[in-house]
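**Q** What follows is a protein structure lacking sequence information:
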């Protein structure tokens, strides 16, 4: 069993504090496992197991308490009256109508330590969420990064594979933790990934948002899969759909994109004008929460290796807590600007610096930036090229294991 310490450690810092701990992330990213790990840690440190209440809205046995009043009543009925503190863990809280009312009331009683998971980004931005505003902390959980993935495969004793083979597997199948429980065959992993995709689309998107034209939504998702890391516009997608016989307005495409972002299937990277120091309002890029979903639908697309590597780097930066933008410097583009607090790092990502022309192209955009923030070129080249005019070169695998 591999413990994801970077998330568990965050949660442990908030134990017994008067805030609601909200764990968000796409389905099957490991949120429930994280709560289980936290419960085991609490028990190991002396918490009585009888003071822990578990509610999982994915189980039929909890379908009869899908309102905030019933949720509140259930928790009070199952509270151990002899103790001062009860630990409440609720999976997929968004399936309870008015859940914010219940949590706000329980928090006010000052005897409950509350932990909930959710698979929808908008769950904390609606009108009801004002009831817990300022009284919650959000912890985003993502599928495994590559360094985490290697820990999982070591646990499964697959060490006979070399690092490059593991990385190729990761680029294909992604990092959903549940893959470790599937048979190590392409068809088994693909079936598992399609199951996740269908669950997210059917339950978190189509049903929740009452989408009538689900075929168009799926075509939009496939377009995103096929154009990961490309400059995006809703009009371009609408034109593409029209060319293949599907009618959809620009507004509908924009709505579908927002819904897919809310379900945490895709993440956007806004464009940032480096010289003008402002976020541009159009032509974002989009990246997938996990490349395995793409492989399950499109198969192996090795000709897109540069975009696939961009996706890996983007999600790595997001998982490290950075806000990530696509940079624009005049007529040149910088793949990523990563910001966290006062820290800023510029990144260019490519497959190989195979020729002088490619190397000049990748370095040129960074050389045009005149500030003193670090600038890095990432590639799969195994020969380190050192620092050139203040620009550092790193192998992508070294970057992924960087602490």
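**A** Yep, it's here. The structure presented is a predicted model; accordingly, all values stated were derived computationally and were not measured.

**Q** show me where the stretch 1-150 of the chain has helices.
**A** 5-13, 31-44, 68-77, 99-108, 146-155 (DSSP state H, counting those that start in this stretch).

**Q** try the stretch 201-350 of the chain
**A** With DSSP H, counting those that start in this stretch, the ranges of helices along the stretch 201-350 of the chain come out as 208-209, 214-226, 234-243, 250-262, 291-298, 305-319.

**Q** Next one: the residue most central in space within the chain, what pLDDT does it get?
**A** With distances taken as C-alpha atoms, centre = their mean, residue 142 lies nearest the centre of the chain, 4.1 Å away. For residue 142, the pLDDT comes out at 97.

**Q** how deep is the closest residue to it other than its chain neighbours tucked in, by neighbour count?
**A** Using C-beta to C-beta, 6 or more residues apart in numbering and skipping the chain neighbours, the partner closest in space to residue 142 is residue 319 (4.9 Å). Using the backbone N, CA and C atoms, a C-beta is placed for each residue, glycine as well. The number of residues packed around residue 319, counting by other C-beta atoms under 10 Å, is 19.

**Q** just so I know, which of the helices of the stretch 201-350 of the chain lies nearest residue 11?
**A** helix 305-319 (15.6 Å; C-beta to C-beta).

**Q** name the helices or strands packed onto that closest one?
**A** helix 163-173, strand 266-269, strand 285-288, helix 291-298, strand 323-329, strand 332-340, strand 343-349, helix 396-400 (3 or more C-beta pairs under 8 Å, 6 or more residues apart in numbering; DSSP states H and E).

**Q** What residues of whatever helix or strand comes next after the first one count as buried?
**A** Scanning forward in sequence from helix 163-173 by DSSP states H and E, the next helix or strand is helix 186-199. By neighbour count with 16 or more other C-beta atoms under 10 Å, helix 186-199 contains the buried residues 189, 190, 192, 193, 196, 197.

**Q** Stretch 293-306 too?
**A** For stretch 293-306, the neighbour count (16+ other C-beta under 10 Å) marks 293, 294, 295, 296, 297, 304, 306 as buried.

**Q** tell me the pLDDT at the third one?
**A** The pLDDT attached to residue 295 in the predicted structure is 94.

**Q** Got the confidence number for the nearest residue to it once chain neighbours are set aside?
**A** Using C-beta to C-beta, 6+ apart and skipping residues adjacent in sequence, the residue nearest residue 295 is residue 172, 5.0 Å away. Listed pLDDT for residue 172 reads 94.

**Q** contacting residues around residue 298?
**A** 222, 225, 226 (C-beta atoms under 8 Å, 6 or more residues apart in numbering).

**Q** same check, this time on residue 246
**A** Taking C-beta under 8 Å, 6+ apart, we find residue 246 in contact with 215, 216, 219.

**Q** Touching, the residue nearest to residue 142 and residue 146? I think so.
**A** No. Applying C-beta atoms under 8 Å, one finds residue 319 not in contact with residue 146, separated by 10.3 Å.

**Q** just to revisit the earlier point, export the buried residues of helix 186-199 to TSV and tack on distance to residue 374?
**A** Putting the buried residues of helix 186-199 into TSV (distance: C-beta to C-beta, whole Å) gives the following:
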residue	distance to residue 374
189	37
190	39
192	39
193	35
196	36
197	37
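
**Q** Out of the residues you listed, flag the one nearest to residue 360.
**A** Nearest to residue 360 out of the buried residues of helix 186-199 is residue 193 (C-beta to C-beta; 38.5 Å).

**Q** dump the residue contacts of the nearest residue to that closest one once chain neighbours are set aside.
**A** Nearest non-adjacent residue to residue 193, counting by C-beta to C-beta, 6+ apart: residue 296, 3.8 Å away. Going by C-beta under 8 Å, 6+ apart, residue 296 touches 190, 193, 194, 197.

**Q** again, only using 6 Å
**A** Contacts for residue 296 were tallied using C-beta atoms under 6 Å, 6 or more residues apart in numbering; they are 190, 193, 194.

**Q** Reformat those as a markdown table; add pLDDT and distance to residue 77.
**A** What follows is those, written out as a markdown table (pLDDT from 0 to 100; distance: C-beta to C-beta, whole Å):
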| residue | pLDDT | distance to residue 77 |
| --- | --- | --- |
| 190 | 93 | 44 |
| 193 | 95 | 40 |
| 194 | 93 | 40 |
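
**Q** could I get the residues you listed as JSON lines with distance to residue 341?
**A** Below are these laid out as JSON lines (distance: C-beta to C-beta, whole Å):
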{"residue": "190", "distance to residue 341": "40"}
{"residue": "193", "distance to residue 341": "35"}
{"residue": "194", "distance to residue 341": "39"}
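
**Q** between those residues, which is nearest residue 7?
**A** For the contacts of residue 296, the nearest to residue 7 is residue 193 (22.1 Å; C-beta to C-beta).

**Q** thought the closest one was touching residue 292?
**A** Yes. Using C-beta atoms under 6 Å, residue 193 is in contact with residue 292, at 4.6 Å.

**Q** Save the helices of the stretch 201-350 of the chain as JSON lines, and put in distance to residue 163 too.
**A** Converted to JSON lines, the helices of the stretch 201-350 of the chain look like this (distance: least, C-beta to C-beta, whole Å):
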{"stretch": "helix 208-209", "distance to residue 163": "40"}
{"stretch": "helix 214-226", "distance to residue 163": "27"}
{"stretch": "helix 234-243", "distance to residue 163": "37"}
{"stretch": "helix 250-262", "distance to residue 163": "33"}
{"stretch": "helix 291-298", "distance to residue 163": "18"}
{"stretch": "helix 305-319", "distance to residue 163": "14"}
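
**Q** Mind checking those for the one nearest to residue 8?
**A** Across those, closest to residue 8 is helix 305-319 (C-beta to C-beta), at 14.4 Å.

**Q** chain center to that closest one, what's the gap?
**A** Taking C-alpha atoms, centre = their mean, to the nearest Å, one finds the center of helix 305-319 at 12 Å from the center of the full chain.

**Q** if I look at residue 319 and residue 146, which residues touch both of them?
**A** Going by C-beta under 6 Å, 6+ apart, no residue sits against residue 319 while also sitting against residue 146.

**Q** can you list the weak-confidence ranges in the stretch 301-403 of the chain?
**A** Across the stretch 301-403 of the chain, nothing is flagged by pLDDT under 70.
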